[in-house]
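J.: the sequence and its predicted three-dimensional model are supplied below.
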Amino acid sequence: MTDTVRTVLTTCPYCGTGCGVKAEVAADGAVTISGDPDHPANFGRLCVKGAALAETLGHDGRLLHPEIAGRRVTWNAALDAVASRFAATIAEHGPDSVALYVSGQILTEDYYVANKLMKGFVGSANIDTNSRLCMASSVAGHKRAFGSDTVPGCYEDLDSADLVVLTGSNLAWCHPILYQRIAAAKAARPAMKVVNIDPRLTATDDIADLHLGLEPGSDVALFAGLLAHLEGTGHRDGDFVAAHTSGLDAALAAAASFADLDAVARATGLAPADIATFYGWFGATEKTVTVYSQGVNQSSAGTDKVNAIVNCHLLTGRIGREGMGPFSVTGQPNAMGGREVGGLANQLAAHLELDDPAHRALVQDFWGSPTIAATPGHKAVELFEAVADGRIKALWIMATNPVDSLPDADRVRAALRSCPFVVVSDVVRDTDTTALADVLLPAEAWGEKDGTVTNSERRITRQRRLVAPAGEARPDWWALAHVGRRLGWTSAFAWDRAAAVFREHAALSGHRPEIVRDFDISGFADLSDEDFATLAPFQWPRRTGEPAPDGPKRFFADGRFFTPDGRGRLIATHPRPPRAKPSPELPFWLNTGRVRDQWHTMTRTGLAPKLTGHIAEPFAEIADADAERLGIAPASLVTIANGRAAVVVRALVTDRQRPGSVFVPIHWTDRVASSARIGALIAPETDPLSGQPESKAATVAVRPFAAVWYGFALTRTVPKSIAADYWALGRIDGGTRLELAGLEAPDDWSDFAVNLFGPDVELVHFADAKAGRRRIAAVRDGAVVGLLLVAPTPVEAARDWLCQRFSAAIPAGEAAALLAARPGGAAEDPGRRVCTCYGVGANQIRKAAVRGCRSVAAIGDHLAAGTNCGSCRPEIARIVAAVWPPEAAVAAE
Ligand SMILES: Nc1nc2c(c(=O)[nH]1)N[C@H]1C(S)=C(S)[C@@H](COP(=O)(O)OP(=O)(O)OC[C@H]3O[C@@H](n4cnc5c(=O)[nH]c(N)nc54)[C@H](O)[C@@H]3O)O[C@H]1N2
Ligand SMILES: Nc1nc2c(c(=O)[nH]1)N[C@H]1C(S)=C(S)[C@@H](COP(=O)(O)OP(=O)(O)OC[C@H]3O[C@@H](n4cnc5c(=O)[nH]c(N)nc54)[C@H](O)[C@@H]3O)O[C@H]1N2
Ligand code: SF4
Ligand SMILES: [Mo]
């Protein structure tokens with residue numbers, strides 16, 4: 001052990017929970033990560049992704065210096081190129097011919113500068129962000145209801161609620177620390193209830209008292225029915241509604257057709273009894289929090305879904321008080337910060353409105369800018385359409401990977417190919433998007449960058465530097481500011497440090513306070529550099545002269561909203577099915593989303609061997625009945641296709657999926673799989689108000705992928721090319737793991753193996769009695785550098801055991817034992833990795849259960865599994881439940 005020399009408090013760069021991280025940096029540079037025990041978002045806990053952050057700090061794969069057309073250049077040359085091309089394009093074609101496409105993963109300081117540059121100086125609102133794919137419907141819904149984009153509540157409400165309704169949220173995997181907070185509250189107060197509304201069963205159902213597996217896209221009907229029910233059963237808070245809201249009659253009239261449970265049942269596909277249970281609990285429970293995420297936002301009816309939920313809280317006056325309220329949980333670490341600086345094409349900085357002349361005058365006056373954008377710019381999907389048809393001729397993409405994450409992703413790729421000038425700022429050299437850049441700008445990554453982010457409960461926390469920037473990486477705000485200076489706006493972009501940008505942002509939020517807005521942190525406008533360095537997490541607002549509050553901040557308990565008449569608005573919502581409809585040609589719904597241990601396009605989590613063990617391949621969850629009907633065997637491969645594109649992924653046949661739907665994760669890109677970019681199958685259909693794409697309800701056909709051979713391989717180095725129709729790779733300690741398959745057998749397996757392992761290896765073929773099976777080892781200098789197992793059906797092997805063995809050097813003599821693909825002698829196959837923290841596999845958990853561990857706690861005592869970050873507890877619970885009927889397990893808890 002090396003002595004700890006420095007402790008740095010910072011924030012996790014993944015989900016919007018915004019957990020505080022304690023990084024201990026040793027004298028030799030080694031970094032140890034743990035949760036910050038004093039951070040109010042997590043009180044010391046971290047999920048697996050946060051806990052594995054140290055594994056992502058290496059420089060492997062990083063973009064280390066600027067490049068133009070693939071050649072290394074100086075920062076000066078790169079910035080000159082960007083500025084001169086933007087200037088020339090603006091001069092010739094006007095300000096709207098250029099655009100910025102940024103991300104909820106840059107810091108507030110970066111975002112502030114990007115927005116100032118485009119809206120105040122270039123004079124175009126053509127700046128949009130991947131938050132359009134993520135939070136736009138919540139923003140639009142909040143604004144309709146509250147007159148401002150305000151999240152009313154805070155995390156403490158999850159501790160004290162008596163009913164938590166989760167809708168369109170796989171909280172257990174996507175916000176694990178918030179999920180565990182609810183689980184802990186429920187364990188302490190078993191009367192607390194949890195309802196989970198999701199078309200499929202997920203890990204989140206582990207704590208749910210009721211699962212409502214509704215028809216995709218039917219949330220509006222469910223919540224309109226709830227509104228009618230609450231009104232009809234006397235749950236209206238008459239005083240609150242009369243004094244503080246508007247729109248009641250219209251909202252009730254729109255909901256009237258769902259006053260009858262059978263009508264809701266028809267619209268949602270749910271059993272009337274389950275709907276009645278949900279409505280009954282909601283009506284009877286004052287302290288109710290409704291948590292929602294992408295199952296709500298990513299819909300062509302996303303804004304109506306949000307307002308249908310918020311309506312129920314306004315009607316019952318359950319908002320802004322302890323333990324209650326609608327709660328939009330944000331996805332990215334700085335989704336909220338981006339909204340605060342006006343990162344969306346239809347917003348202005350500091351929660352001011354682009355279409356309000358007084359607001360524009362306020363911001364322009366503060367910036368002292370020559371111009372200010374007066375009309376909204378293109379929202380993400382339209383923005384790339386404008387790139388495709390040549391209206392946008394110069395585009396700067398920052399901290400997002402649109403070639404994978406936008407709908408109609410192949411068209412996005414084509415649009416970027418055709419765009420005359422593409423700049424990409426990233427931390428990683430090779431992504432599906434950097435491949436199309438004219439100019440690449442290396443950004444400081446997490447652990448290097450310095451500034452602030454805002455989490456889902458409006459808490460602003462510092463991200464601090466713990467290690468030196470890799471190569472020539474610079475802050476994103478710095479690159480933007482230097483282009484601003486080169487465009488001639490020297491003093492407006494003169495900052496020399498993040499603290500200076502933060503001060504300006506804080507000052508703008510309080511400029512001309514007579515124009516009242518929710519977001520105001522002007523109390524920090526004069527923060528010194530030293531105070532910025534030690535700034536403790538705080539919740540906004542924090543107005544000038546306002547003392548720090550004792551407890552958490554909530555909005556609207558006083559009934560004052562930010563609408564012109566100060567009233568909260570109930571909105572008439574209209575159920576609308578998704579734009580696509582299953583047809584004989586495309587009979588399945590395609591639902592997309594996330595897995596526990598990966599983050600989006602895997603550029604960072606994909607680097608951590610620890611995180612690839614949980615799920616190592618792209619997959620499609622498909623209902624058993626559908627699989628049987630289509631002749632899809634478990635663990636075989638399937639093609640999922642529609643008129644736009646096709647992917648090939650592993651079939652995960654399960655009883656937790658709705659028949660008629662498949663779920664495919666969003667994480668696998670062309671960097672790590674042969675064909676798994678699911679964004680290419682999503683239609684560019686958007687919500688009319690928010691512009692957010694319908695990423696959860698495309699239609700597809702599913703058919704078996706007629707593989708004649710399947711393979712599993714381990715290699716020391718990443719293969720340069722892989723001659724297989726299907727492949728997916730994942731990093732492991734000491735190498736790479738590969739899943740392979742082909743529609744035809746290679747002519748020569750030796751050639752295939754050499755292609756995979758490199759020309760300088762010696763191949764050892766082992767005989768296999770069974771037809772179609774092959775076992776090949778690659779040996780170099782007396783050590784095994786590669787293993788290949790081939791079979792006519794999906795390869796059965798103790799994969800985790802093999803990966804673990806491969807992490808150390810293997811003498812050539814052991815190749816045969818390894819190629820048996822199972823531990824020999826007394827050793828046992830641990831099975832698929834379930835607990836990432838302690839490396840415990842499914843077989844080990846099952847065995848412990850068979851031997852008498854009847855609960856997650858007992859498994860924890862026995863194997864330690866589930867006792868660190870806790871992210872795997874729902875999966876452990878399922879394994880235990882399969883061995884012990886639920887009643888028996890509960891009785892033993
Ligand atoms: N592990 C991990 N965590 C993450 C991320 C990650 O990449 N990996 N990303 C972060 C980001 S940016 C975001 S935005 C969040 C997203 O967090 P979540 O929104 O929780 O995640 P998703 O998996 O996208 O979708 C949630 C659920 O919506 C359901 N759903 C689909 N259609 C409908 C519908 O019509 N109605 C309802 N009620 N539900 C539906 C899906 O089945 C899915 O289980 O996660 C954040 N956290
Ligand atoms: N079908 C479907 N599509 C979806 C979704 C879905 O559920 N289904 N979800 C949508 C949602 S909610 C989201 S948030 C998006 C996410 O989609 P993306 O934003 O495209 O995904 P990321 O992999 O997070 O991309 C971030 C990129 O920024 C780089 N990066 C990381 N840190 C920095 C930094 O500090 N500076 C710079 N310059 N670069 C950095 C990373 O290496 C990576 O290349 O996907 C959306 N697309
Ligand atoms: S829940 Fe996990 S991913 Fe999200 S902020 Fe906390 S540690 Fe990071
Ligand atoms: Mo997101």
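T.: Structure's in. What do you need? Ligands and ions are numbered 1, 2, ... in the order given.
J.: C-alpha from now on. contacts and neighbour counts both.
T.: Fine.
J.: please identify which helix or strand holds the residue with the largest distance to the centre of the chain.
T.: Note on the chain: the largest C-alpha distance from the chain mean falls to residue 769, namely 46.4 Å (Cα atoms, centre = their mean). Under the assignment given by DSSP states H and E, residue 769 is not contained in any helix or strand.
J.: which pLDDT value does the model give it?
T.: Among the per-residue scores, residue 769 holds a pLDDT of 71.
J.: in the longest helix seen in the chain, which residues are buried?
T.: In the chain, ranked by residue count with DSSP state H as the criterion, the top helix is helix 75-93. Of the residues in helix 75-93, those with enough neighbours to count as buried (16 or more other Cα atoms under 10 Å) are 75, 78, 79, 80, 81, 82, 83, 85, 86, 87, 89, 90.
J.: and stretch 322-339, by the same measure?
T.: Of the residues in stretch 322-339, 322-339 count as buried by neighbour count, 16+ other Cα under 10 Å.
J.: now do it: distance to the chain's middle.
T.: Taking Cα atoms, centre = their mean, to the nearest Å, the mean C-alpha location of stretch 322-339 is offset from the chain mean by 13 Å.
J.: filtering the buried residues of stretch 322-339 by proximity to ligand 3, which remain?
T.: Restricting those to those near ligand 3 by Cα under 6 Å from any ligand atom leaves nothing, as none qualifies.
J.: so residue 107 touches residue 336, yeah?
T.: No: counting by Cα atoms under 8 Å, no contact exists between residue 107 and residue 336, whose distance comes to 10.3 Å.
J.: shared neighbours, these two?
T.: Residues touching both residue 107 and residue 336 comprise residue 453, with contact defined as Cα atoms under 8 Å, 6 or more residues apart in numbering.
J.: what angle sits between the helix or strand just after the longest helix of the chain and helix 75-93?
T.: Scanning forward in sequence from helix 75-93, with DSSP H and E defining helices and strands, the next element found is strand 98-102. Our comparison of strand 98-102 with helix 75-93, counting by axes from the mean of the first three to the mean of the last three Cα atoms, to 10 degrees, yields an angle of 130 degrees.
J.: sorry, back to before: so which of the buried residues of stretch 322-339 sit within helices?
T.: Of the buried residues of stretch 322-339, the ones assigned to helices by DSSP H are 335, 336, 337, 338, 339.
J.: with distance to residue 395 and pLDDT added, can I get the residues you listed in TSV?
T.: Output for those, formatted as TSV (distance: Cα to Cα, whole Å; pLDDT from 0 to 100):
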residue	distance to residue 395	pLDDT
335	21	95
336	24	94
337	22	95
338	19	95
339	21	94
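J.: next up, the contacts around the nearest residue to residue 224 once chain neighbours are set aside.
T.: Once flanking residues are discounted, residue 224 sits nearest to residue 255: 4.9 Å by Cα to Cα, 6 or more residues apart in numbering. By Cα under 8 Å, 6+ apart, residue 255 lies in contact with 224, 225, 227, 228, 572, 573.
J.: okay, and which of those map to helices?
T.: Using DSSP H to define helices, the subset of these located there is 224, 225, 227, 228.
J.: next one: stretch 273-281 to chain centre, how far?
T.: A distance of 31 Å separates the C-alpha centroid of stretch 273-281 from that of its chain, computed with Cα atoms, centre = their mean.
J.: same thing with stretch 650-666?
T.: Computed by Cα atoms, centre = their mean, the separation of stretch 650-666 from the middle of its chain amounts to 19 Å.
J.: stretch 63-82 now?
T.: Distance, centroid of stretch 63-82 to centroid of chain: 30 Å (Cα atoms, centre = their mean).
J.: measure residue 634 to residue 866 for me?
T.: Applying Cα to Cα, to the nearest Å, the value for residue 634 to residue 866 is 27 Å.
J.: quick one: neighbours of the nearest residue to residue 604 once chain neighbours are set aside, just the number.
T.: Spatial nearest neighbour of residue 604, chain neighbours left out: residue 56 (6.0 Å); criterion: Cα to Cα, 6+ apart. Residues near residue 56, counting by other Cα atoms under 10 Å, number 18.
J.: return the per-residue confidence for the closest residue to residue 448 other than its chain neighbours.
T.: When the adjacent residues along the chain are set aside, residue 448 lies closest to residue 465, with 4.5 Å between them (Cα to Cα, 6+ apart). The predicted local confidence for residue 465 comes out at a pLDDT of 97.
J.: for residue 465, what are its contacts?
T.: Each residue near residue 465 by Cα under 8 Å, 6+ apart is listed here: 8, 446, 447, 448, 449, 450.
J.: as a markdown table, those with distance to residue 234 and neighbour count would be great.
T.: Formatted as a markdown table, the entries for those read as follows, by distance: Cα to Cα, whole Å; neighbours: other Cα atoms under 10 Å:
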| residue | distance to residue 234 | neighbour count |
| --- | --- | --- |
| 8 | 53 | 17 |
| 446 | 51 | 25 |
| 447 | 53 | 24 |
| 448 | 55 | 19 |
| 449 | 53 | 23 |
| 450 | 52 | 22 |
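J.: on that earlier part again, using JSON lines, lay out the contacts of residue 255 together with pLDDT, neighbour count and distance to residue 870.
T.: What follows is these, written out as JSON lines (pLDDT from 0 to 100; neighbours: other Cα atoms under 10 Å; distance: Cα to Cα, whole Å):
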{"residue": "224", "pLDDT": "98", "neighbour count": "32", "distance to residue 870": "36"}
{"residue": "225", "pLDDT": "98", "neighbour count": "28", "distance to residue 870": "36"}
{"residue": "227", "pLDDT": "98", "neighbour count": "32", "distance to residue 870": "36"}
{"residue": "228", "pLDDT": "98", "neighbour count": "22", "distance to residue 870": "39"}
{"residue": "572", "pLDDT": "98", "neighbour count": "19", "distance to residue 870": "41"}
{"residue": "573", "pLDDT": "97", "neighbour count": "24", "distance to residue 870": "38"}
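J.: pLDDT value on the residue nearest to residue 844 when sequence neighbours are not counted, please?
T.: Spatial nearest neighbour of residue 844, excluding adjacent residues (Cα to Cα, 6+ apart): residue 830 at 5.3 Å. Confidence at residue 830, expressed as pLDDT, is 87.
J.: residues near residue 830, how many?
T.: Each residue near residue 830 was counted by other Cα under 10 Å, and the total is 21.
J.: okay but it is in contact with residue 839, surely?
T.: No: at 9.0 Å, residue 830 and residue 839 do not qualify as touching, with contact defined as Cα under 8 Å.
J.: so what does residue 840 look like in phi/psi?
T.: Phi and psi for residue 840, reported as degrees, to the nearest 10, are phi -100, psi 130.
J.: in the stretch 401-550 of the chain, which spans are helices?
T.: Taking DSSP state H, counting those that start in this stretch, the helices of the stretch 401-550 of the chain run over residues 402-405, 409-418, 476-486, 498-510, 529-533.
J.: dump those helices to JSON lines, plus mean neighbour count.
T.: Rendered in JSON lines, the data for the helices of the stretch 401-550 of the chain read as follows (neighbours: other Cα atoms under 10 Å):
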{"stretch": "helix 402-405", "mean neighbour count": "25"}
{"stretch": "helix 409-418", "mean neighbour count": "20"}
{"stretch": "helix 476-486", "mean neighbour count": "22"}
{"stretch": "helix 498-510", "mean neighbour count": "22"}
{"stretch": "helix 529-533", "mean neighbour count": "14"}
